[in-house]
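Asks: my questions are about this predicted structure, shown below with the sequence.
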Amino acid sequence: MSGCASRACWFGLGLALGAAAGSALARCTRSAATPPQAQSDAPLVPADVSADRALTDDATDVVEYRGFVIHVFCHALGMGRFKALCDIWESGAVVLEGGAPPTTHATPDEARSAAIAWAQQWVQRNG
């Protein structure tokens with residue numbers, strides 16, 4: 001250490017030691033890191049894929065209201081998260097496709113009920 005008399009020499013030595021310490025710390029962090037978890041808003045694959053397909057292939061409810069026919073489709077978004085969409089028909093033609101309340105629900109029944117109530121309000125306002 002007696003050969004390092006200038007400030008530039010000490011600065012270079014500090015820089016080299018800092019880089020070595022940073023590299024060692026990065027290696028320790030990488031080895032101790034856990035694998036990344038799935039994002040909380042990412043859809044989860046249900047254990048029984050056919051059960052999820054039953055929710056999305058066909059209309060889960062068909063309701064007639066004030067001359068309109070409301071088709072409700074329920075979708076599983078993940079564990080305990082369901083959303084229902086509506087198609088509203090009048091005289092055999094679609095007047096609204098894919099309308100829905102902007103929330104998710106804990107059960108398919110809650111999602112269906114909310115979508116039907118939303119569609120009935122839409123009919124009252126626009127029908």
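Replies: Happy to help now that I have it. Numbers count the residues shown, from 1 in each chain.

Asks: off-centre distance for stretch 113-120?
Replies: Distance of stretch 113-120 from the chain centroid (C-alpha atoms, centre = their mean, to the nearest Å) equals 22 Å.

Asks: ok, now stretch 61-70?
Replies: For stretch 61-70, the distance to the chain centre is 30 Å (C-alpha atoms, centre = their mean).

Asks: quick check: domain ranges of the protein?
Replies: Per the record, the chain has its domains at 1-36, 49-126, by automatic domain parsing.

Asks: pipe those into JSON lines and attach mean neighbour count and mean pLDDT per row.
Replies: Backbone N, C-alpha and C define where each C-beta goes, glycine included. As requested, the domains of the chain are exported to JSON lines (neighbours: other C-beta atoms under 10 Å; pLDDT from 0 to 100):
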{"stretch": "domain 1-36", "mean neighbour count": "9", "mean pLDDT": "68"}
{"stretch": "domain 49-126", "mean neighbour count": "15", "mean pLDDT": "87"}
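
Asks: show me the contacts for the closest residue to Gln124 other than its chain neighbours.
Replies: Residue nearest to Gln124 in three dimensions, not counting chain neighbours: Arg66, with 7.7 Å by C-beta to C-beta, 6 or more residues apart in numbering. Contact partners of Arg66, counting by C-beta atoms under 8 Å, 6 or more residues apart in numbering, are Val123, Gln124, Gly127.
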